[in-house]
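Colleague: curious how this folds, go ahead:
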Amino acid sequence: MSRTRADSTAFDTGAWGGASPELVEPELEVDLDPALIVKKELIVKEIMELQDGLRALLQRVESVQGEGEKLKIGNETLQTYIDNLTRTNALAAGAGR
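Modeller: The predicted structure is shown next:
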């Protein structure tokens, strides 16, 4: 069996001599530098804090959108009421002539 490395795939020539691709695990470099580990932990902590902040902002946006929708519906109701009053006053003014 002969193996050659090409990217992350090795080829096994097999018993018949035909090449069949076979996945090879990439070599992982493990860095055990304590300073680097602490730095990575701080970065992960900061990312998690930022994600929490983003979640809070998204909840606030949804809340404000809901409030805006309620105000829009209230404005539409008031506009309908004003239109009805205007129509009623116009009819009353026309009938009083």
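Colleague: show me where pLDDT drops low in this protein?
Modeller: 1-31, 97 (pLDDT under 70).
Colleague: break down it into its helices, ranges please.
Modeller: Applying DSSP state H to the chain gives helices spanning 34-95.
Colleague: could you measure from Ala93 over to Gly66?
Modeller: 41 Å (CB to CB, to the nearest Å). Bear in mind the C-beta positions are built from the backbone N, C-alpha and C, glycine included.
Colleague: cool, Glu41 as well?
Modeller: Per CB to CB, Glu41 is found 38 Å from Gly66.
Colleague: before we move on, what about Asp33?
Modeller: From Asp33 across to Gly66, the span is 49 Å (CB to CB).
Colleague: ok, Gln79 next?
Modeller: Distance from Gln79 to Gly66, by CB to CB: 21 Å.
Colleague: what of Ala35?
Modeller: From Ala35 to Gly66 the distance is 47 Å (CB to CB).
Colleague: try Ile47
Modeller: For Ile47, the distance to Gly66 - CB to CB - is 29 Å.
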